[in-house]
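Colleague: okay, structure incoming, though there's no sequence with it:
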């Protein structure tokens, strides 16, 4: 089996990808900045590297056939890093976003979108075989957004509660990624990945409350209030990106695809299932 390099293997999706690759018996290497703190499975070859220092990447990519890329570095590092990757690898699977999906939630200009578009253009021009994975909103965002409020009391304050998304379980993203990494036939594909349901943010918080057996009071706050309060958990560019996307999606059902089931043969997990499996994160 050709060797696979996972870039971003200590993140939400990357860890799931590594675990599934190991379970399949794949030859897998992880690029990490701090190997001592990575806490990855012993079957994973852990190599020190940093996307912002391209001279560190040659040793990481040497002997690698396929790269799973989660971009976590500044935009200035994109071109030199991809140049090094393209010298060694033959295929790249990039964890991108639904940049081409004609739904207002995904069409607002922002810095992260610009970086993803730049990466895609460079990959397409690199000569590498490529596949772009385009997940929508992650179910795991709920831990980052709401867990602290739920652990500390019964009130959840949040903007745009009526706006709907189709949160996708990170395990489903990883399941698709591993199929694409380990199988032929995905060159040039762009897979938009979502959960199975269009759920308002109010419904998502309510689901978490039911799962943990709590009666949560969910209060709508204005975008200006949210901008002040969310800065404690999300950097300002991220806050502005989310507020603009949610505002644009008012009155729209979430975009839902069947791609996860088409590729893996298994339906994507419902948000209720994700919340049940992650309930400990919302309990004090």
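Modeller: That came through, no problem. Owing to the predicted nature of the structure, the values given are computational and were not obtained by experimental measurement.

Colleague: what packs against the lengthiest strand in the chain?
Modeller: The residue-count maximum for a strand in the chain (DSSP state E) belongs to strand 129-135. Here strand 129-135 touches strand 91-95, helix 111-125, helix 170-182, strand 190-193, going by 3 or more C-beta pairs under 8 Å, 6 or more residues apart in numbering; DSSP states H and E. To be clear about C-beta, it is placed using only N, CA and C from the backbone, and glycine gets the same treatment.

Colleague: let's have these in TSV, adding mean pLDDT and distance to residue 30.
Modeller: Output for the helices and strands packed on strand 129-135, formatted as TSV (pLDDT from 0 to 100; distance: least, C-beta to C-beta, whole Å):
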stretch	mean pLDDT	distance to residue 30
strand 91-95	98	15
helix 111-125	96	20
helix 170-182	98	13
strand 190-193	98	22
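
Colleague: now those as JSON lines including distance to residue 153?
Modeller: Putting those into JSON lines (distance: least, C-beta to C-beta, whole Å) gives the following:
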{"stretch": "strand 91-95", "distance to residue 153": "34"}
{"stretch": "helix 111-125", "distance to residue 153": "31"}
{"stretch": "helix 170-182", "distance to residue 153": "27"}
{"stretch": "strand 190-193", "distance to residue 153": "34"}
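
Colleague: thought residue 146 was touching residue 205?
Modeller: Yes - using C-beta atoms under 8 Å, residue 146 makes contact with residue 205 at a distance of 6.0 Å.

Colleague: shared neighbours of those two, which are they?
Modeller: Common neighbours of residue 146 and residue 205, using C-beta atoms under 8 Å, 6 or more residues apart in numbering, are 156, 158.

Colleague: next helix or strand past the longest strand of the chain?
Modeller: Going down the chain from strand 129-135, the next helix or strand is helix 141-152, by DSSP states H and E.

Colleague: buried stuff in that following helix?
Modeller: By neighbour count on 16 or more other C-beta atoms under 10 Å, the buried set for helix 141-152 is 142-143, 145-147, 149-150.

Colleague: and of those residues, the nearest to residue 72?
Modeller: Of all those, residue 143 has the smallest distance to residue 72: 18.2 Å, by C-beta to C-beta.

Colleague: what's the spacing between the closest one and residue 149?
Modeller: 11 Å (C-beta to C-beta, to the nearest Å).

Colleague: before we move on, what about residue 39?
Modeller: 28 Å.

Colleague: tell me the mean pLDDT over stretch 230-242?
Modeller: For stretch 230-242, mean pLDDT rounds to 88.

Colleague: mind listing the helices for the stretch 151-284 of the chain?
Modeller: With helices called from DSSP state H, counting those that start in this stretch, the stretch 151-284 of the chain shows them at 170-182, 201-212, 223-230, 236-248, 259-264, 271-277.

Colleague: picking that back up, okay if I get the buried residues of helix 141-152 as CSV plus distance to residue 83 and pLDDT?
Modeller: CSV is the format used below for the buried residues of helix 141-152 (distance: C-beta to C-beta, whole Å; pLDDT from 0 to 100):
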residue, distance to residue 83, pLDDT
142, 37, 98
143, 36, 97
145, 36, 95
146, 40, 97
147, 39, 97
149, 44, 96
150, 45, 98
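
Colleague: quick one: which of the residues you listed is nearest residue 111?
Modeller: For the buried residues of helix 141-152, the minimum distance to residue 111 (C-beta to C-beta) is 19.8 Å, reached by residue 145.

Colleague: isn't the closest one up against residue 158?
Modeller: Yes - at 7.4 Å, residue 145 counts as touching residue 158 under the criterion of C-beta under 8 Å.

Colleague: for residue 265, find the nearest of the helices and strands packed on strand 129-135.
Modeller: For those, the distance to residue 265 is smallest for helix 170-182, at 9.1 Å, taking C-beta to C-beta.
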